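Peer 1: take a look and give me a structure for this.
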Amino acid sequence: MPIVVTNFISLDGVIQSVLSADEDTEGGFTRGGWVSEHMDDDVAAFMTGVTAGASAMLLGRRTYEGFAQVWPSASTADPAVAAMNRMPKYVASRTVTAGTWNNTHILGPDLEQEVRRLRYDSADGEIAVFGSADLIRTLAHHGLVDRYQLLTFPLVLGSGKRLFTAESPATSLTLTSSRTTVGGVVISTYVPAPTAR
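Peer 2: Predicted structure coming up:
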């Protein structure tokens with residue numbers, strides 16, 4: 001199953017605390033909830049399609065814990081919520097040993113091998129990665145990201161966790177699609193070049 005990273009991102013590359021002020025304040029980040037003023041129906045429909053269409057989720061501990069506080073009790077009339085509650089959730093963590101959310105699986109200490117096993121599983125569909133900045137950097141380092149779907153919001157935050165950092169591996173990406181929503185969010189899909197994997 002291909003691993004697909006889908007994230008909201010600011011023009012200066014920040015992916016931290018996108019939905020609410022208290023989602024992730026690590027590092028003293030105070031600008032949480034920055035996507036709300038630019039959300040539109042196109043963004044919502046895209047995210048519903050990505051989430052409902054995934055076969056599994058792969059998440060870092062912090063993102064998993066945030067999701068697990070909200071989505072298990074949300075209405076499953078929403079197809080994205082129903083999909084998240086049903087699908088397997090794989091969590092990369094050195095500290096968590098069990099999950100409270102239905103169908104949660106904690107990955108072992110050899111993250112690279114665990115993810116490679118999932119990636120080459122014979123099951124249909126895709127593994128969706130949301131948030132999870134540290135996990136994404138680890139996946140990129142090992143060439144385990146098959147596609148990036150980035151929703152770039154028209155604002156600069158100046159600080160916060162970034163998707164790509166000075167430690168990120170040099171990678172060539174091919175832009176396979178791009179469109180702009182009515183609210184000015186650019187939805188772009190990139191595939192890492194084979195030579196970078």
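
Peer 1: could you list the low-pLDDT ranges of this protein?
Peer 2: Within the chain, the ranges that satisfy pLDDT under 70 run 122, 195-197.

Peer 1: now with 80?
Peer 2: Scanning the chain for pLDDT under 80 picks out the ranges 121-123, 194-197.

Peer 1: spatially central residue for it, please.
Peer 2: Centroid-nearest residue in the chain: residue 130, 1.5 Å away (criterion: C-alpha atoms, centre = their mean).

Peer 1: that one: what's it in contact with?
Peer 2: Contacts for residue 130 (C-beta atoms under 8 Å, 6 or more residues apart in numbering) come out as 6-7, 57, 59, 63, 67. The way it works is simple: take the backbone N, C-alpha and C, and place the C-beta from them, glycine included.

Peer 1: could you rerun that using 10 Å?
Peer 2: Residues near residue 130 by C-beta atoms under 10 Å, 6 or more residues apart in numbering: 4-8, 15, 18, 47, 50-51, 54, 57-60, 63-64, 66-67, 84, 136.

Peer 1: compute the number of surrounding residues for the residue nearest to residue 139 when sequence neighbours are not counted.
Peer 2: Closest residue to residue 139 apart from its sequence neighbours, by C-beta to C-beta, 6 or more residues apart in numbering: residue 145 at 5.1 Å. When neighbours are defined as other C-beta atoms under 10 Å, residue 145 has 24 of them.

Peer 1: my read: residue 145 touches residue 126, true?
Peer 2: No - applying C-beta atoms under 10 Å as the test, residue 145 and residue 126 come out as separate, 11.7 Å apart.

Peer 1: list residues touching both of these two?
Peer 2: Residues touching both residue 145 and residue 126 by C-beta under 10 Å, 6+ apart: 2-4.

Peer 1: what's stretch 33-48 in contact with?
Peer 2: 6, 8-10, 14, 16-23, 78-81, 83, 130, 149, 151, 153-155, 157, 160, 179-185, 187.

Peer 1: buried set for stretch 104-113?
Peer 2: Neighbour-count burial for stretch 104-113 flags 104, 106-107, 111 (criterion: 16 or more other C-beta atoms under 10 Å).

Peer 1: many thanks, have a good one.
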